[in-house]
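Trainee: Give me a model of this one.
(chains A and B)
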Amino acid sequence: MCHQTVCLVARHLEANGIPTLVLGAARDILAAGRPPRAAFVDYPLGHTAGKPFDRADQRAVIAGALAGFARLREPGGLIELPNQWGDDAWRAEASSTEARDTRQPRDETPQWQQPADREAARAAGLDV
Amino acid sequence: MPVNYMDAIRQRYEQLGYTPYRWYVAEDAPPWQALDKPLDAARVGLLSTSGAYALGQRAYHYKDDTSIRAIPTATAREDVRFSHITENYLVDARQDPDTIFPLGTLRELAADGTIGALADDVLSCMGGVYSQRRVREETAPAALAAFRQQDIDCALLVAM
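Mentor: A predicted model of the protein is given here:
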């Protein structure tokens, strides 16, 4: 869903004069949404910007994606980043067609990561 | 082989008896605005759909929250928080935000001159919005207005 949202936002920004590049990990949703420029990294969702605590990999992913501003010259172009996750076990879970819904209930109250975050927001002057 | 998410999600929800979600499929060619300078001279903006917020800011809610946050570029990694309808994807990000929200990475790329500069704030939203109309009418114009204030040359958009 996030991939669809960024494709829509990228197209709006680009149409209004801002060059954009979408970095994503769901190749099929990027292909459907056709942002002006895209970079695909074949990592499990939640890790689009590089492996956790691996600064060299994070740097390679982000620098590799940004290189698309020079490399991509046609609307709708996509770069496939060479980075490899290494262990393919995540693919079975990600591809599963078993009936399940892992999303949270659609609630309209702020969902603080930690209760103390709410206090910090109040201290900053927000009415929460 | 890349995972086919649209097909897998369609089949999962079909079995749960949900109405099939109608994904956005672009029918027209994307717009195009060339970047008229090299990356090492460009001021770069960031939009992440990961639901990142900084300590002191409001968390997101789970029901088509179309709001955005401007997170100061100097925000420390340990002050980055997340709230997102797909919480299951954030387990690693809560240990190391840069796996999904590349603020620290972009700071390093600005410091070593790979990019000319990073905007003073980076943008974040909760990308799990099911109403495409609301993304077009609310999130997209809000992102455009915020990026215009930042005077950036180009924007990196990172999907979760």
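Trainee: Closest to the centroid, which residue in chain A?
Mentor: Centroid check for chain A by C-alpha atoms, centre = their mean gives residue A:24 as the closest residue, at 4.7 Å.
Trainee: tell me the SS of residue A:120?
Mentor: Classification of residue A:120 into helix, strand or coil gives helix, according to DSSP: H, G, I helix; E, B strand; the rest coil.
Trainee: ok, and what's touching stretch B:89-99?
Mentor: A:45-47, A:49-53, A:55, A:58, A:113, B:50-52, B:77, B:80, B:82, B:84, B:100-101, B:103-105, B:160 (C-beta atoms under 8 Å, 6 or more residues apart in numbering or on different chains). Placement of C-beta: from N, CA and C, glycine included.
Trainee: Have a look at chain A and report the helix or strand with the lowest mean pLDDT.
Mentor: When the helices and strands of chain A are compared on mean pLDDT, DSSP states H and E, helix A:90-95 comes out lowest with a mean of 90.
Trainee: That helix vs chain B: in contact?
Mentor: Yes - under the criterion of C-beta under 8 Å from any C-beta of the partner chain, helix A:90-95 makes contact with chain B via A:91, A:94-95.
Trainee: Equivalent analysis for stretch A:36-52, please.
Mentor: Yes - for a cut-off given as C-beta under 8 Å from any C-beta, stretch A:36-52 has contacts with chain B, namely A:36, A:40, A:42, A:45-52.
Trainee: Would you list the buried entries among the contacts of stretch B:89-99?
Mentor: By neighbour count, with 16 or more other C-beta atoms under 10 Å in any protein chain shown, these hold A:45-47, A:49-52, A:58, A:113, B:50-52, B:80, B:82, B:84, B:100-101, B:103-105, B:160 as buried.
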